[in-house]
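J.: got a structure for you, letters missing:
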């Protein structure tokens, strides 16, 4: 029988509004991680540009480059020495409808710096964006916790879904 | 427990005008559709039309970024009757080249609007502009029913033999 290569680690559906979503005690049992977020801004927060941090590291050990399109123009920007990797940079996620943020984290348990690749689907039927981001966390520690922050008070509404999967190479 | 399961696949033995996945069970949380397709219209590339739940109302919108050997560009379509954002190779493209697409639809049983993402590539070893492209698409389906069927068809003519379509279900519980 083939070995399962795509495993559910944990899933959270918010029962009430929250400023962030945390996955902790992540085992080193897989090769890569995939975090799938489906959500929007709370009614009280008009827009959100979520950001991610690993292992509670708030130092400027992150960098990222993104490119995307907002329906009228393509854009790209490079951001060095940041305290997180931020998504939805050109057109933030609104409260009108859910957006999809798909984040892949490669070789998360290794001893080299960690690379992430994400895709944001943020169409709002008349506005919004599509955005791809490559991020780097300059740490040699294995990732054991992830926080996805909405960047606003009460930023994620009830019903927001975040799911963490582990992917095995062998 | 398996979290990533093949629901159904269709590999065309002969040309076909459309491909439909119907009676999609609601037992998963997310869907992933992987397409490798080529059409027989007399152009280099074309667009696949995708209907969800056979819905032809103005419930589709999408925003994409496109690279096709010219400067990158972005375009949006709002309140349209079909999602026709998926690129694929057509008859004048290099022989045996098929466009590849991955469509990820999270929370497909939701009764509210459903965002999804697709990335499409066509490459055929040509330096001519518009002969190939890469396109990242943010899509939104504003229908309020869970998705139980997906229909893919060409704007004209057929998908050729060996075009393939794989639908996976992903569980988060």
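T.: That came through fine. In this text the structure is predicted, and so the values were computed from the model without any measurement. Numbers count the residues shown, from 1 in each chain, chains lettered A, B, ... in the order given.
J.: what sits against the most centrally placed residue in chain A?
T.: Nearest to the geometric centre of chain A sits residue A:103, at 5.0 Å (C-alpha atoms, centre = their mean). Applying C-beta atoms under 8 Å, 6 or more residues apart in numbering or on different chains to residue A:103 gives the contacts A:34-37, A:52, A:116-118. For the C-beta atoms, the positions are set from N, CA and C on the backbone; glycine is no exception.
J.: try 10 Å
T.: By C-beta atoms under 10 Å, 6 or more residues apart in numbering or on different chains, residue A:103 lies in contact with A:33-37, A:50, A:52, A:85, A:87, A:116-120, A:133, A:135, A:146, A:148, A:162, A:164.
J.: Now the strand or helix carrying it: average pLDDT?
T.: Take DSSP states H and E as the rule and residue A:103 turns out to sit in strand A:99-106. For strand A:99-106, mean pLDDT is 97.
J.: which helices and strands sit right next to the worst-scoring helix or strand of chain A on mean pLDDT?
T.: Ranking every helix and strand in chain A by mean pLDDT, DSSP states H and E puts strand A:47-48 at the bottom, with a mean of 88. On a contact count with 3 or more C-beta pairs under 10 Å, 6 or more residues apart in numbering or on different chains; DSSP states H and E, strand A:47-48 meets strand A:93-94.
J.: OK, contacts around the residue in chain B positioned nearest to chain A?
T.: Closest residue of chain B to chain A, C-beta to the nearest C-beta: residue B:74 (2.6 Å). By C-beta under 10 Å, 6+ apart, residue B:74 lies in contact with A:68-75, A:90, A:129-130, B:63-66, B:136.
J.: Now restrict those to buried residues only.
T.: A:68-71, A:74-75, A:90, A:129-130, B:63-66, B:136 (16 or more other C-beta atoms under 10 Å in any protein chain shown).
J.: where in chain A is pLDDT low?
T.: A:1-4, A:152-154 (pLDDT under 70).
J.: Can you tell me which residue sits nearest the middle of chain B?
T.: Note: chain B centre (C-alpha atoms, centre = their mean) maps to residue B:86, 4.6 Å.
J.: Tell me where chain B has strands.
T.: All strands of chain B, identified by DSSP state E, fall at B:4-11, B:18-21, B:30-37, B:45-52, B:60-67, B:73-80, B:83-89, B:99-106, B:114-122, B:133-141, B:150-154, B:164-170.
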